[in-house]
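[1] Build the 3D model from these lines:
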Amino acid sequence: MEPRIAQDIADFRKLRENGCIYVDKTAILHELACDPTRSLYFISRPRRFGKSLMLSTLECLFRGQRELFKGLAIDKLDYDWAEYPILHFNFSGLNVETLEAFERDFRNHVRKVLIEAGCKWDDAIFPHANFAKAINFLKQINGKCVVILIDDYDAPINAALNDVAKAKAIRSELINFCGEIKNEAADIRFSMMTGITRYVPDSIFSTLNNLNDLTLDDRYATLLGYTDEELESTFSVDMHAHAEVMGLAYEDYRTELRRWYSGYRFARWNTTKVYNPASIAKTLGAKEKTFVSTWTNADRPALINALTARNLTEEDYDNVEHLSEEDLDICDLEAITANSILYQGGYLSIKAFKNPRFTLGVPNEEVRRALYALLAEPRT
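    Numbers count the residues shown, from 1 in each chain. The predicted structure is shown next:
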């Protein structure tokens with residue numbers, strides 16, 4: 001039986017045990033996990049680009065669960081498959097209706113993760129202090145350094161962007177928490193933090209100045225998202241079947257698939273473009289007679305919702321020119337630009353780079369339609 005396409009699975013173990021297709025990124029993960037010169041990483045990508053799946057893959061890797069990796073690239077590489085203590089956090093979905101609600105939800109989430117890992121919790125101290133104590137405790141009782149995985153570190157900040165004071169307070173709490181990764185680095189085997197945005201310079205990244213940011217690193221431009229070669233080697237049967245449903249010659253089908261769902265570039269010099277994984281899963285899973293919006297038809301990210309309180313002009317979004325790297329990031333919460341939100345949210349992508357300036361453009365037809373709909377909405 002042909003492997004099935006996972007529609008909504010972001011868990012590596014479940015995906016592998018259910019016989020679903022996995023686009024093999026384990027050779028790159030092996031490189032990161034085994035690099036003797038660095039161990040603390042961060043990467044930002046738009047939502048539903050495979051960040052959670054990557055972290056769950058890393059969790060299985062550092063639990064030494066080799067049976068789940070049979071037939072994948074890492075199974076043939078030199079890796080020791082040792083088991084490490086792991087703390088895996090996911091900050092998406094925390095309640096930010098009020099600052100008090102966030103602090104309560106955040107504390108409860110951290111407490112749950114630490115207790116499930118066998119750590120003690122002290123109600124008299126802050127979550128970040130409990131986090132630091134947990135890292136020390138796990139190292140001591142296991143005799144091995146700890147693996148830290150943090151998914152959607154920025155989700156609470158993004159959800160509160162229309163209330164700057166609250167967003168700043170939430171950011172401060174997260175800075176204190178994530179800062180313990182630097183403070184306890186000697187007891188950490190590996191850390192990977194993901195998000196949609198990079199809040200710089202006055203943010204987590206100034207606190208974590210030993211963090212290796214992979215966001216624009218040419219070597220990891222295809223760590224998340226699918227290349228044309230990966231599509232051909234992994235989804236060939238499904239693409240041929242879909243082309244037949246649509247009544248298109250295969251090469252014409254591939255051209256249209258690329259126009260609709262590819263076009264994302266995540267590096268300065270590496271010009272390789274990738275497809276949105278969620279769009280590919282939904283499109284090849286359903287095999288409709290026409291291409292339709294998939295990723296952009298899901299719940300709109302909080303980051304994009306923040307545009308409703310900001311100016312969105314009628315500029316040429318296929319050629320947003322002369323932007324610095326700082327222009328791509330969200331630096332000042334009180335003066336966030338529409339272009340930085342659109343870029344971080346995946347509505348714009350790198351089109352060209354001529355040191356030190358970037359040109360951005362709309363990556364594909366799916367996003368173009370969503371952007372036009374956004375432009376048509378009344379602004380407050």
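[2] what about the spatially most central residue of the chain, distance to K120?
    Centroid check for the chain by CA atoms, centre = their mean gives K51 as the closest residue, at 3.7 Å. Plainly put, K51 is 30 Å away from K120 if you go by CB to CB, to the nearest Å. For the C-beta atoms, the positions are set from N, CA and C on the backbone; glycine is no exception.
[3] Equivalent analysis for S324, please.
    S324 is 46 Å from K120, by CB to CB.
[4] my guess is S191 meets I135, correct?
    No: counting by CB atoms under 8 Å, S191 sits too far from I135 to count as a contact (10.1 Å).
[5] overlap in contacts of the two?
    I148 (CB atoms under 8 Å, 6 or more residues apart in numbering).
[6] List the buried residues for stretch 107-118?
    Buried residues in stretch 107-118, counted by 16 or more other CB atoms under 10 Å: 107, 109-111, 113-114.
[7] Can I get the residues you listed in TSV including pLDDT, secondary structure and distance to I141?
    Shown next, in TSV, are the buried residues of stretch 107-118 (pLDDT from 0 to 100; DSSP: H, G, I helix; E, B strand; the rest coil; distance: CB to CB, whole Å):
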residue	pLDDT	secondary structure	distance to I141
R107	98	helix	24
H109	98	helix	23
V110	98	helix	19
R111	98	helix	19
V113	98	helix	17
L114	98	helix	13
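[8] now those residues as a markdown table including distance to L248?
    Compiled in a markdown table, the buried residues of stretch 107-118 are given as follows (distance: CB to CB, whole Å):
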| residue | distance to L248 |
| --- | --- |
| R107 | 54 |
| H109 | 47 |
| V110 | 50 |
| R111 | 53 |
| V113 | 48 |
| L114 | 53 |
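[9] Go through the residues you listed and name the one nearest I21.
    I21 has its nearest neighbour among those in V113, at 29.6 Å by CB to CB.
[10] ok, now which ones touch the closest one?
    87-89 are the contacts of V113 under CB under 8 Å, 6+ apart.
[11] Domains of this protein: list them as residue ranges, please.
    12-215, 229-380 (automatic domain parsing).
[12] Check the secondary structure at L87 for me.
    strand (DSSP: H, G, I helix; E, B strand; the rest coil).
[13] in the chain, which spans are strands?
    Listed in chain order, the strands of the chain (DSSP state E) span 40-44, 86-90, 146-151, 188-195, 212-213, 320-323, 349-354, 357-361.
[14] and of those strands, who's closest to L55?
    Nearest of the strands of the chain to L55, taken as CB to CB: strand 146-151 at 4.7 Å.
[15] Could you list every helix and strand in contact with that closest one?
    Here strand 146-151 touches helix 51-62, strand 86-90, helix 127-142, strand 188-195, going by 3 or more CB pairs under 8 Å, 6 or more residues apart in numbering; DSSP states H and E.
[16] can you pull the buried residues of the third one?
    I take that to be helix 127-142. Applying 16+ other CB under 10 Å to helix 127-142 flags 127-128, 130-135, 137-139 as buried.
[17] Which of the residues you listed sits closest to I175?
    For the buried residues of helix 127-142, the nearest to I175 is H128 (9.0 Å; CB to CB).
[18] Confirm for me that Y199 is in contact with I157.
    Yes: contact criterion CB under 8 Å: Y199 and I157 qualify, at 6.7 Å.
[19] okay, and the common contacts of the two?
    R171.
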